[in-house]
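# What would the 3D arrangement of this be:
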Amino acid sequence: MAIRSFAFTIVIALAGSCLAAQPYMTATYEDSAGGFVLCFTIHNPLSETVDGWIAYTPDASCATAPEGWYLYQTDRYISWRALDLEHHVQPGASLEGFSFLTAQQQPAVLLWGISSRKGYFGSVTPTPIPEPSGLLALGSGLAAVCLPWIRRRVRGRD
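You can find the predicted model right below:
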């Protein structure tokens with residue numbers, strides 16, 4: 001009986017650790033001469049700071065980092081690291097300003113790793129940044145759909 005309860009406790013502990021919050025990335029991209037510029041944001045829901053991350057990409061160039069972060073680039077990956085605690089991504093915070101240029105036809109899934117006291121790994125699919133003309137068309141379409149409804153509500157009050 002003691003063995004069963006011990007095994008049950010381990011299963012619950014493992015299930016709880018799998019459901020625990022972990023840091024994650026969001027990414028956007030936009031057209032640029034010679035490829036696409038990918039921009040990343042680290043989100044940290046942990047109770048500890050995040051001090052670095054790595055992107056696995058073979059064709060990156062022109063990488064940038066936020067203030068206080070240093071980058072190292074090889075032909076297979078780019079690594080970003082904050083050496084000072086004041087520049088780490090604090091618990092509950094997000095940090096943007098990471099980017100690089102890629103020559104891919106269209107950005108695909110990107111594998112990443114984030115470091116804190118332990119490592120976290122995942123993938124992100126960059127989403128396009130809408131162009132101003134696309135936003136104008138979307139706004140005009142929404143206005144055209146909503147305008148009759150608004151007029152009916154205003155007439156109903158009179």
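# Show me the beta-bridge partners of Gly113.
Taking DSSP bridges as the rule, Gly113 bridges to Ile54, Phe121.
# could you list every residue that touches Pro66?
Pro66 makes contact with His87, Leu95, Glu96, Gly97, Phe98, according to CB atoms under 8 Å, 6 or more residues apart in numbering. (Glycine included, C-beta is placed from N, CA and C.)
# My error: substitute Trp149 in the last question.
Contacts of Trp149 by CB under 8 Å, 6+ apart: none found.
# mind checking the SS state of it?
helix (DSSP: H, G, I helix; E, B strand; the rest coil).
# Against Arg76, how distant is it?
54 Å (CB to CB, to the nearest Å).
# got it, and Leu46?
Distance from Leu46 to Arg76, by CB to CB: 27 Å.
# So for those two, which residue has more residues nearby?
Leu46 (20 against 10; other CB atoms under 10 Å).
# Doesn't the more buried one belong to a helix?
No. Counting by three-state DSSP, one finds Leu46 to be coil, located in no helix.
# Verify the stated contact: it with Val89.
No. Using CB atoms under 8 Å, Leu46 is not in contact with Val89; the gap is 9.0 Å.
# Next, show the common contact partners of these two.
If you check Leu46 and Val89 against CB under 8 Å, 6+ apart, the residues they both contact are Pro23.
# Show me the strands in this protein, by range?
Assigned by DSSP state E, the chain shows strands spanning 24-32, 35-43, 52-56, 60-64, 69-73, 77-82, 94-102, 110-115, 119-124, 127-128.
# Where does the prediction get shaky in the chain?
Applying pLDDT under 70 to the chain flags residues 1-20, 130-138, 157-158.
# just to revisit the earlier point, ok, which pair from the contacts of Pro66 is furthest apart?
The most widely separated members of the contacts of Pro66 are His87 and Glu96, with 13.4 Å between them, by CB to CB.
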